[in-house]
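In: Coordinates for the following, if possible.
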Amino acid sequence: MSIKNIVFAVLLIFVPISFTAHYLQWDPLVQFGLTCLAILPLAAWIGAATEEIAVVVGPSLGGLLNATFGNAAELIIAVVALRAGLIDVVKASLTGSIVCNLLLVMGLSMFLGGLRYKEQNFQSVVARTNASAMNLAVIALLMPAAVNFTSVGIEEATLQKISIAVAIVLILVYLLTLLFSMKTHSFLYDVGLADVGSVHPEGEAEVDADGHTSHRPNLVLWVSVLLGATAFVAAESELLVGSLEAATEQLGLTQLFTGVIVLPIIGNAAENLAAVTVATKNKMDLSLSVAVGASLQVALFVAPLLVLIGWFIGQPMDLNFNPFELVAVAVAVLIANSISSDGRSNWFEGVLLLATYIIVGIAFFFHPVVVST
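Out: Residues are numbered from 1 along each chain as shown. Below you'll find the model as predicted:
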């Protein structure tokens, strides 16, 4: 078992500790910290179980499974926060996830990979396709805000209708993206997803020359792990959201900063670590597939799905985002597309992405209030 997997296994101890802290009503800040630590390994086990099940069910269904559960922890946290009425926090976490994956994760991948290899290559065709899809996402997020900004006295019900219509379009585009990447043009995306490195009792899976894993996972075991980890993430998310407001107040942080910077890092920690790890092994195709793919999933699937879920549960959430958040997303997409368009990367390009993320983080840290939408 790798050091990474040992660390995630040890962190599982924080799951019962976090529940204990809640029922004994420890300080909200302590509860928040323990819950964050508990979610990290659970998210890793969701990813691991998804990958192991994908080995059994085959590439097509496995790809769909990976796409569905890729941001499971983050989606569950968002749904719980949405149900609690923390709509601004949900919106901030969505934009923060896109920014985090495009700037922090991609930046770390290019920087650390570039330290070991002078220049790394990846599929420029895939990079351009992903860039176009991200541009669509920016347009979709900008339109409701533009309608609100250019209209006088527009009703919330109208913005909700616009958001629902846009959400349906984005989900359809996401489904077509899956068809494109897994069926009609799967050869462009064949980057050895089995090399991500799953967590399983036998240790790291060995991959033969044809890209097939040499072990046959226990399907019942891993389905049980997937369902169990998902259930625990849902329970931990309730604790996280319950202590969020008090904890951020004690830390002197705004909910905007917490949503944009803190929650995305927690929800995507395992996936982010996988992207950076494979980049240091000179597998930049796979690294960018994880980082950019996660951003696309949030923009084209998670955000519109939350709009529909909010409408269904009576907590209407529209796509009229805080203009400051939209600027951050547009900046992230602009520089990420610019750097990745040539199909090559080096450590300095990673520095540029990381510097952009730090600047964005500083701006959100000092942003005084959440602009109500």
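In: Could you use CA atoms for every contact and neighbour count after this?
Out: OK.
In: Now the element after the one helix or strand in the chain whose mean pLDDT sits lowest, going C-ward?
Out: Lowest mean confidence among the helices and strands of the chain (mean pLDDT, DSSP states H and E): helix 59-69, at a mean of 63. Counting by DSSP states H and E, the next helix or strand C-terminal to helix 59-69 is helix 72-83.
In: Go through that next one and flag the buried ones.
Out: Residues of helix 72-83 classed as buried: Ala72, Ala73, Glu74, Leu75, Ile76, Ile77, Ala78, Val79, Val80, Ala81, Leu82 (neighbour count, 16 or more other Cα atoms under 10 Å).
In: report the longest helix in this protein, please.
Out: Scanning the chain for the helix with the most residues, using DSSP state H, yields helix 219-251.
In: returning to what we had before: out of the buried residues of helix 72-83, the closest to Leu188 would be?
Out: Distance to Leu188 across these (Cα to Cα) is lowest for Ala72, with 25.4 Å.
In: Next, Pro344: phi, psi?
Out: No Pro there; residue 344 is Arg. phi -140, psi 150 (degrees, to the nearest 10).
In: What about the spatially closest residue to it that is not a sequence neighbour, how many residues nearby?
Out: Ranked by Cα to Cα, 6 or more residues apart in numbering and with sequence neighbours excluded, the top spatial neighbour of Arg344 is Asn121, at 4.5 Å. For Asn121, the number of neighbouring residues by other Cα atoms under 10 Å comes to 15.
In: Kindly report the same for Leu176.
Out: 13.
In: how about it, secondary structure?
Out: At Leu176 the chain is in helix, as set by DSSP: H, G, I helix; E, B strand; the rest coil.
In: who's in contact with it?
Out: Leu176 makes no contacts at all, as judged by Cα atoms under 8 Å, 6 or more residues apart in numbering.
In: Alpha carbons of stretch 245-259, in CSV - could you do that?
Out: Only the C-alpha atoms of stretch 245-259 are listed here, as CSV (Å, rounded to 0.1, in the frame of the first residue of the first chain):
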residue,chain,number,x,y,z
GLU,A,245,-21.2,29.7,10.0
ALA,A,246,-19.9,29.7,13.6
ALA,A,247,-16.5,28.4,12.5
THR,A,248,-15.9,30.9,9.8
GLU,A,249,-17.0,33.7,12.2
GLN,A,250,-14.4,32.6,14.7
LEU,A,251,-11.7,32.4,12.1
GLY,A,252,-12.6,35.8,10.8
LEU,A,253,-13.4,34.4,7.3
THR,A,254,-16.3,35.4,5.1
GLN,A,255,-18.6,32.7,3.8
LEU,A,256,-17.5,33.8,0.3
PHE,A,257,-13.8,32.9,1.0
THR,A,258,-14.8,29.7,2.7
GLY,A,259,-17.0,28.6,-0.2
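In: and it, what's its mean pLDDT?
Out: Stretch 245-259 comes out with an average pLDDT of 86.
In: got it, and stretch 88-95?
Out: Stretch 88-95 carries an average pLDDT of 90.
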